[in-house]
Each structure stands twice: as structure tokens, then as C-alpha cells.
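# attaching a predicted model along with its sequence, questions to come.
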Amino acid sequence: MPKRGDMKLGLFLNQAGYHEGAWRDPEVPANGGIDIDHYASLARLAEDAAFHFIFLADTPSVMEPDKAAIARAGRNDGFEPITLLSSLSSRTTSIGLVATATTTYQQPYHLARMLASLDHMSGGRAAWNVVTSGHKFEAGNFGQEELPDHDARYARAREFVQVVRGLWDTWEDDAFIRNKKTGIFVDTTKLHPLNYRGQFLSVRGPLNVARPPQGHPVLVQAGASEAGMSFAAEFAEVVFTAQPFLEGGKRFYATIRKKAHALGREEDEVLIMPGLVPIVGRTRQEASGILRRLQDYTHIDARIGLADRVLGSVADLRAIDLDARVPAALPQTNLVQSRQKLLLEVAARQNMTWRQLIDFISDSKGHLMIVGTPDEIADVMIEFLDQGAADGFNVMPATVPGGLKDFIGLVVPELRRRGRFRSAYCGQTLRENIGLKRPPNGFLRAGGSGRP
């Protein structure tokens, strides 16, 4: 098991990089989103550096609001996460595999089966980033005019996770005996049909695949609204969050831990991992130059399209005076509420104009961005850990492979020199490597009857 206090690192695996202008960088493959060898090389770089997991975001729609933004966005030709991670599971041996999937437009039986399959294929390295959908164009792809209400999405998500975990437990760990001599393939005394009926879902079960090697794939969650934080406190084992400032990170960390403790969970059952956009240079001037070049690559149509989305699509950004100050409040969105709130707080704190906020969003989308030397970046990362604002980071290189290679080649050695990051894996499964316990079968915990 890892030592308490060890830094956890994930790689936010993006086809070009996290900066909005990344795809135009000459060193970034233009067709990386549909090139499995490109993704595999990035995964191996992270695995060789002993990262804990690779993380794939996902939205089942084109997200840009109009053709002007679509034309400039370098993200609409990427693989579906579970399909991609299934392939990468055969090209890696130790790194965790985190797939994003929505509870709003998936069915729990399908998703439980796919994630259990991924966990078996990878030898216990699967994880699920639970999202509730937060982009308006998703609804039209599934027969709806609008997304369901924000709180209703979380209510369905709560049932969804309970069903998925229950399905993973419908077979006990040793149920499949596969005895050729006796002709008994499975011990049905170790079968527990789910028979779930709730407000949103009705699922009989059992799952038609054995219980996953990890018991349950690791549950990751990224919402920071009140509903999102309550959901994270109840279910999440890793919380991915946008925290651009130390004090906000400390408040979020303490809030999640307090809510989780109130629900009877132990402190080490929930890991908080903010997003980190590192732009690394051997000098600060070199790092600043990298950022300026990426900003020059990013057309205003792409910047406005992105800002419209992350602010909740509640203002016509093409009609506003870009040099006017950002107002203290915008109309409430039914989309990604926590990100809108965070970005308005940043704008107020720094007295931003609309142009400045749009540029800030293009650079980092509200995550912690550090532009500097390896030691400066390491300083901030360690401060977040030591001040109780993080257990680690989901690293979001501005470009790949270049930005990732810079982080691995320059920042990781500095973290190791200070004794804050490991140099090898300590277990076989993601749970073992990240320091999370394997969950017992919920039916056995409940005494062998009823819901887990």
C-alpha cells in the first residue's frame, strides 16, 4: 500500500492537450483523437512515470453552440472512453483507467457490464467518473428537448450508482467454480438477484459477468454544486475538482471530508484531486512564451464557444462588449452550475473584463494553472498537499505529447527529489496503488438477503 500522504497523480488524457489552441501546435498530431497509437504512447509515458491513472472525459454530443465555434474546436473526433480504455488495457500493465460515463443517458445494466468487463480485461484497473450530463446538446441526441432539472439528474444518479454497485455484487467473488468434473459451472447459492425498483430505475439483475477483480471499479466524481458535493461525499472515492486558488481548495477539501465523515465514511476513503494545468519551462520566461504561443493559436470564435459552454449558455457572448466588466451574477444555469459559480468568483476577485475572463477560460477552464519552472510548479503542488487542499492532482498538460514530456521530465524528478512522489507501482490493482480498500460484497454485508 502507498504511504499516507503520498502524492497521487492522474493524467487527464486529451487528444491534443488541455489548452483550447493545443491542436494547432506543430508538435501535436492533427488526427490524434482517432489515432490509437497516439493515445497508447501517452498512456505508456504516464505509466513509465508511475502515474496512478489516466482519465478520459466525455460528453455524448458536440458541445459548441454554433458552426463558427465548431469549425475552430479541435475536439469533435475522439474515441468513446470505454472503447478506448479497453484497447489501452492491453497496451499497459499497471496504470489505472478512468472512463467518464453519464447517468442521465446511460442504462445501469449496460454500464455495469462494460465497466466490470474493463476491470477483468485490465486485471483490476478500471474506474468510473460519474457525471450527470451538463451540456445542452446532449438532450437532443436522446429524444429530449432539454436536459432534466439539475437536482433531478442527481437524484437519478444516486439510484444509478446504487444499482450499478448492486449489480457488481450479484455474484459473490467465488461463485463461478467452473468444475468440469461435476458439470457445475456456477454455485447458485452465491447468486443474489438485485430486484431494484426505485423512482427512476427498475433493474432485476443479476449481471452476466463475474464480480470485478476490484470488487467495484473505483468511483470518481467531479461535481462541485451543493448536490454534487453531497453526491461525492456519499459515493465518490476520488473527487476531481477545479480549484484555482489555495484557500478555495482548502474549503472544498474540508467540506467534502466533513460531509463524508457525517455519512460514516473514513477519512482515507475519499481522495481529493484538483485539476492542474502545468506549463513548464526551464525559466519562467520560457514557460510564459509557451503560453503566449498557445494563446496566439486560439481564435476568438473558439474562445467564445468554450466560454459560452462553461458559463452555462446563459449570455450571448457574441453580442456583449468584451471590454466591459463581468457582472457579479449571471442567470442560473441548468447545466454545469458549479463551474459558472467558480468562474464568476474568479472574475470578481480579479476585476476581470469579459475579454479577460474568456481568455482565462481558454487557458485553463477554471483549473489551477501554474506557468513557471519545475521547482515553482512543485512548490505549489506541495503547498496544496501540505495545507490540506489536495491529495494529489489530475494533471492536464496544455499540449501532448510535448507538455506531458516536459512535466514528466522536469517536474516529476523534482517531486521525487523532495520525497513527494513515488517511482514505481506498489500493487496490481488501481485500488492497491491508490490506497483504497476493496469493498466487501454488499449482499453479504446485509446478511445475504435484500439490497446491498
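Perfect, thanks for sending it.

# every contact and neighbour count from this point should use C-alpha atoms.
Will do.

# pLDDT weak spots in the stretch 301-450 of the chain?
With pLDDT under 70 as the threshold, the stretch 301-450 of the chain has low-confidence stretches at 446-450.

# where do the helices of it begin and end?
With DSSP state H, counting those that start in this stretch applied, the stretch 301-450 of the chain shows helices at 337-349, 354-364, 374-386, 402-406, 412-417, 430-434, 442-445, listed in chain order.

# cool, the stretch 151-300 of the chain as well?
226-235, 246-262, 284-297, 300-310.

# please identify the most buried of the helices of the stretch 301-450 of the chain.
With neighbours defined by mean count of other Cα atoms under 10 Å, none of these is more surrounded on average than helix 430-434, at a mean of 24.

# what inclination does the lengthiest strand in the chain have with respect to helix 374-386?
Of all the elements of type strand in the chain, the one with the most residues (DSSP state E) is strand 271-280. Compare the direction of strand 271-280 with that of helix 374-386 by axes from the mean of the first three to the mean of the last three Cα atoms, to 10 degrees and you get 170 degrees.

# walk me through which strands strand 271-280 pairs with, and which way each runs.
For strand 271-280, the pairing partners within the sheet under DSSP bridges are strand 238-241 (parallel), strand 368-372 (parallel), strand 392-395 (parallel).

# turn those strands into a markdown table, including distance to residue 65.
A markdown table is the format used below for the strands paired with strand 271-280 (distance: least, Cα to Cα, whole Å):
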| stretch | distance to residue 65 |
| --- | --- |
| strand 238-241 | 24 |
| strand 368-372 | 26 |
| strand 392-395 | 27 |
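
# residue 333: which of the ones you listed is closest?
Ranking the strands paired with strand 271-280 by distance to residue 333, with Cα to Cα as the measure, places strand 238-241 first at 18.8 Å.

# tell me the mean pLDDT over the closest one?
The predicted model assigns strand 238-241 a mean pLDDT of 96.

# okay, the helices of the stretch 151-300 of the chain in CSV with mean neighbour count next?
Putting the helices of the stretch 151-300 of the chain into CSV (neighbours: other Cα atoms under 10 Å) gives the following:
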stretch, mean neighbour count
helix 226-235, 20
helix 246-262, 18
helix 284-297, 16
helix 300-310, 22
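
# and of those helices, who's closest to residue 386?
Shortest separation from residue 386 across these is recorded for helix 246-262, at 10.3 Å, computed as Cα to Cα.

# report the angle between the closest one and strand 368-372.
An angle of 140 degrees separates the directions of helix 246-262 and strand 368-372 when computed by the same axes, to 10 degrees.

# redo the helices of the stretch 151-300 of the chain as CSV? Include distance to residue 275.
Listed next are those as CSV, based on distance: least, Cα to Cα, whole Å:
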stretch, distance to residue 275
helix 226-235, 16
helix 246-262, 11
helix 284-297, 18
helix 300-310, 15
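
# related to what we said a few turns ago, which among the helices of the stretch 301-450 of the chain is found nearest to residue 322?
Each of the helices of the stretch 301-450 of the chain was checked against residue 322 via Cα to Cα, and the shortest separation belongs to helix 354-364, namely 4.8 Å.

# tell me what that closest one is packed against?
Using 3 or more Cα pairs under 8 Å, 6 or more residues apart in numbering; DSSP states H and E, the elements in contact with helix 354-364 are helix 300-310.

# what are the contacting residues of the helix it packs on?
Residues external to helix 300-310 that are found in contact with it (Cα atoms under 8 Å, 6 or more residues apart in numbering): 20, 63-66, 68-70, 72-73, 135, 314-318, 336, 339-340, 358-359, 361-362, 365.

# now, of these, which are buried?
Burial of the contacts of helix 300-310 was assessed by neighbour count (16 or more other Cα atoms under 10 Å); the buried members are 20, 63-65, 69-70, 72-73, 135, 314, 317, 336, 339-340, 358-359, 361-362, 365.

# quick revisit: same list, the helices of the stretch 301-450 of the chain, but as a markdown table with distance to residue 226 please.
Shown next, in a markdown table, are the helices of the stretch 301-450 of the chain (distance: least, Cα to Cα, whole Å):
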| stretch | distance to residue 226 |
| --- | --- |
| helix 337-349 | 8 |
| helix 354-364 | 22 |
| helix 374-386 | 23 |
| helix 402-406 | 33 |
| helix 412-417 | 34 |
| helix 430-434 | 26 |
| helix 442-445 | 27 |
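
# which residue ranges of the stretch 101-250 of the chain form strands?
For the stretch 101-250 of the chain, the strands defined by DSSP state E, counting those that start in this stretch occupy 126-131, 196-197, 202-203, 218-221, 238-241.

# closest to residue 284 out of those strands?
Shortest separation from residue 284 across those is recorded for strand 238-241, at 26.2 Å, computed as Cα to Cα.

# next one: the closest one to chain centre, how far?
From the chain centre to the centre of strand 238-241 is a distance of 7 Å (Cα atoms, centre = their mean, to the nearest Å).

# thinking again about what came up before, residue 42 is nearest to which of the strands paired with strand 271-280?
The closest of those to residue 42 is strand 392-395. By Cα to Cα, the value is 12.7 Å.

# how about residues contacting that closest one?
If you take Cα under 8 Å, 6+ apart as the criterion, strand 392-395 is touched by 7-12, 55, 240, 271-278, 381, 385.

# count of residues packed around residue 266?
Taking other Cα atoms under 10 Å as the criterion, the count of residues near residue 266 is 11.

# quick one, what contacts the closest residue to it other than its chain neighbours?
Taking Cα to Cα, 6 or more residues apart in numbering as the measure, residue 266 lies nearest to residue 260, with 7.5 Å between them; neighbours along the chain are not counted. For residue 260, the set of contacting residues under the criterion of Cα under 8 Å, 6+ apart consists of 233, 234, 266, 267, 270.

# of all the helices of the stretch 301-450 of the chain, which one is nearest residue 125?
Evaluated with Cα to Cα, the helices of the stretch 301-450 of the chain place helix 430-434 nearest to residue 125, the distance being 4.7 Å.

# export that closest one as CSV, just CAs?
What follows is helix 430-434 as a C-alpha-only set of coordinates in CSV (Å, rounded to 0.1, in the frame of the first residue of the first chain):
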residue,chain,number,x,y,z
LEU,A,430,-5.9,0.6,-9.1
ARG,A,431,-7.3,0.3,-5.6
GLU,A,432,-4.0,-1.1,-4.3
ASN,A,433,-2.0,1.6,-6.0
ILE,A,434,-4.1,4.5,-4.8
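
# and that helix, how far out from the chain's middle?
Helix 430-434 has its C-alpha centroid displaced from the chain centroid by 16 Å (Cα atoms, centre = their mean).

# again with stretch 168-182
33 Å.

# go through it and flag the buried ones.
Judged by neighbour count (16+ other Cα under 10 Å), stretch 168-182 contains these buried residues: 168, 169, 170, 171, 172, 173, 175, 176.
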